[in-house]
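Student: missing the sequence, but the structure's below:
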């Protein structure tokens, strides 16, 4: 999936407990149950032991179940994998402290394919995630559009856990903990880049009390998709608050809409060989307006994305988005870029511009400090060194970081290393 990231409002921040304490027992039971269903022929002899394992949901017992030998059908129905991505980032110019930091993300995931064992319409996915590293963008650059899409202040937790029902090629429905950016506003060409703005538009990622259901914290959701060829309509209902009420770094599982709902819809339409995405989103809860003199405001917006192949080895995309500036600092966003395949390398250049809204200009800055927009330029190159390893040198240049017109532009060098098993 394209990497998604939520950038916090000023004074709203996210930061190891053991994984076992952060994963609800019910989700561990679900993970265990998926495997047990697939491997029932091998586990039937365990009888009472199997039931105890399901009912306790203890991590050690779950891992023991996963270690048991399974039939060929079970092995093909359940797929385990993992990945680790690290960014080594250096701020070499700008007003804040120069220096080098490392930020990284690790995932362990399980996919269940129902058709392999006769559950033709069903599949499921579980992803446990942990991140580490400092707030590089805040400490070294002062940028709103996060330099690395891996930056986050959170604890190890279940990132996604969902089941999908797909009775035919036209209709599918998914429920559980879902990454909104895996279903909506997918910038396929932009997924190459390191900056978070090319994963999901900042006018969406800024919304809500602690950001929407995207990296690093998801919320309960229901998503339905209707697709005919390259045309598709996707509808989503997400709980408005991602994470626990008292601590957004911790997972919370609620029925979608418990804390208010984030409603989102997207249409995908072919334009020749290119694909057009048109979407809109709306929080049902009103939020405190940026201007304290105004009444609580709705957080809502819309976006459009066009991407496709220019030539056989060159792809491009452009994206535009808007948001209600009464409740959100980013009023509009424009971004895009091109990616070329040259030999064994993928080379990309991209730009992102986040425009500050009028209310934010009046309330978050002194009159002579607020710049109209923050601009990011990124040049990157990626090469696959092995089936399980990618290396990616990266350069970024940020103009008016944090919308501060007095702030010097910042230049950042980086190196991304990505490991994945299976590849």
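Tutor: All right, it came through fine. On a predicted model such as this, the values are computed, not experimentally measured, just so you know.

Student: may I have the secondary structure class of residue 367?
Tutor: Three-state assignment for residue 367 (DSSP: H, G, I helix; E, B strand; the rest coil): coil.

Student: and it, how many neighbours does it have?
Tutor: For residue 367, the neighbour count with other C-beta atoms under 10 Å is 7. Placement of C-beta: from N, CA and C, glycine included.

Student: what pLDDT does it get?
Tutor: At residue 367, the predicted lDDT confidence score is 76.

Student: residue 139 belongs to a helix?
Tutor: Yes: read with three-state DSSP, residue 139 is one of the residues of a helix.

Student: wait, it sits on residue 95?
Tutor: No: counting by C-beta atoms under 8 Å, residue 139 sits too far from residue 95 to count as a contact (12.0 Å).

Student: pull the distance from stretch 338-350 to the chain's centre.
Tutor: Taking C-alpha atoms, centre = their mean, to the nearest Å, one finds the center of stretch 338-350 at 23 Å from the center of the full chain.

Student: one more: stretch 284-292?
Tutor: The offset between the C-alpha centroid of stretch 284-292 and the centroid of the whole chain comes to 24 Å, using C-alpha atoms, centre = their mean.

Student: now do stretch 344-354
Tutor: Between the mean C-alpha position of stretch 344-354 and that of its chain there is a distance of 19 Å (C-alpha atoms, centre = their mean).

Student: mean confidence for that stretch?
Tutor: In this model, stretch 344-354 has a mean pLDDT of 98.

Student: mind listing what's buried along that stretch?
Tutor: Going by neighbour count (16 or more other C-beta atoms under 10 Å), the buried part of stretch 344-354 is 346-348, 350-354.

Student: then stretch 247-261?
Tutor: 248-253, 256-257, 259-261.

Student: check stretch 129-137 too.
Tutor: 129-131, 133-137.

Student: which of those fall within strands?
Tutor: Mapping these onto strands (DSSP state E) picks out 129-131.

Student: the helices in the stretch 301-423 of the chain, which residues?
Tutor: With DSSP state H, counting those that start in this stretch applied, the stretch 301-423 of the chain shows helices at 358-364, listed in chain order.

Student: ranges for the strands of it?
Tutor: With strands called from DSSP state E, counting those that start in this stretch, the stretch 301-423 of the chain shows them at 314-323, 330-342, 345-356, 373-386, 389-399, 410-421.

Student: dump these to CSV, plus distance to residue 118.
Tutor: Shown next, in CSV, are the strands of the stretch 301-423 of the chain (distance: least, C-beta to C-beta, whole Å):
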stretch, distance to residue 118
strand 314-323, 39
strand 330-342, 41
strand 345-356, 40
strand 373-386, 36
strand 389-399, 37
strand 410-421, 28
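
Student: and of these, who's closest to residue 123?
Tutor: Distance to residue 123, taken as C-beta to C-beta, is lowest for strand 410-421 among the strands of the stretch 301-423 of the chain, at 20.1 Å.

Student: and that closest one, average pLDDT?
Tutor: Mean pLDDT, computed over strand 410-421, is 97.

Student: tell me what angle it forms with strand 389-399.
Tutor: Using axes from the mean of the first three to the mean of the last three C-alpha atoms, to 10 degrees, the inter-axis angle of strand 410-421 relative to strand 389-399 is 160 degrees.

Student: for strand 410-421, which strands pair with it and how are they oriented?
Tutor: For strand 410-421, the pairing partners within the sheet under DSSP bridges are strand 78-93 (antiparallel), strand 389-399 (antiparallel).

Student: so which of the ones you listed comes closest to residue 407?
Tutor: When the strands paired with strand 410-421 are ranked by proximity to residue 407, the top entry is strand 389-399, at 9.0 Å, counting by C-beta to C-beta.

Student: in the chain, which helix or strand is least confident?
Tutor: One helix or strand of the chain scores below all others by mean pLDDT, DSSP states H and E: helix 48-56, with a mean of 36.

Student: just put the ones in strands among the buried residues of stretch 129-137 in TSV and tack on pLDDT and distance to residue 189.
Tutor: Formatted as TSV, these follow (pLDDT from 0 to 100; distance: C-beta to C-beta, whole Å):
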residue	pLDDT	distance to residue 189
129	97	24
130	97	28
131	97	25
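
Student: what is the nearest of these to residue 232?
Tutor: Distance to residue 232 across these (C-beta to C-beta) is lowest for residue 129, with 27.2 Å.

Student: what's the closest non-adjacent residue to the closest one?
Tutor: Distances taken as C-beta to C-beta, 6 or more residues apart in numbering place residue 159 nearest to residue 129, at 3.9 Å, with adjacent residues excluded.

Student: and what of residue 194?
Tutor: Here the nearest residue to residue 194 in space, its sequence neighbours aside, is residue 394; by C-beta to C-beta, 6+ apart that works out to 4.9 Å.

Student: for that neighbour, list each beta-bridge partner.
Tutor: In this structure, residue 394 has beta-bridge partners residue 380, residue 414, where bridges are defined by DSSP bridges.

Student: now it: how far from residue 149?
Tutor: Relative to residue 149, residue 394 is positioned 11 Å away (criterion: C-beta to C-beta, to the nearest Å).

Student: what do those two both touch?
Tutor: residue 194 (C-beta atoms under 8 Å, 6 or more residues apart in numbering).

Student: mind listing the helices for the stretch 51-200 of the chain?
Tutor: Applying DSSP H, counting those that start in this stretch to the stretch 51-200 of the chain gives helices spanning 59-67, 72-77, 136.

Student: circling back to that earlier point, so the residue nearest to residue 194 makes contact with residue 413?
Tutor: Yes: the pair formed by residue 394 and residue 413 meets the contact definition of C-beta under 8 Å, at 7.3 Å.

Student: okay, the two: which has more neighbours?
Tutor: residue 394 (24 against 14).

Student: dump the residue contacts of that one.
Tutor: By C-beta under 8 Å, 6+ apart, the neighbours of residue 394 are 87, 193-194, 378-381, 413-416.

Student: any idea how far residue 315 is from residue 169?
Tutor: Between residue 315 and residue 169 the distance is 26 Å, computed by C-beta to C-beta.

Student: neighbour count for those two, which is higher?
Tutor: residue 315 (22 against 9).

Student: that older thread, for the strands paired with strand 410-421, give me a markdown table that also has distance to residue 289 and mean pLDDT.
Tutor: Below are the strands paired with strand 410-421 laid out as a markdown table (distance: least, C-beta to C-beta, whole Å; pLDDT from 0 to 100):
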| stretch | distance to residue 289 | mean pLDDT |
| --- | --- | --- |
| strand 78-93 | 34 | 96 |
| strand 389-399 | 28 | 98 |
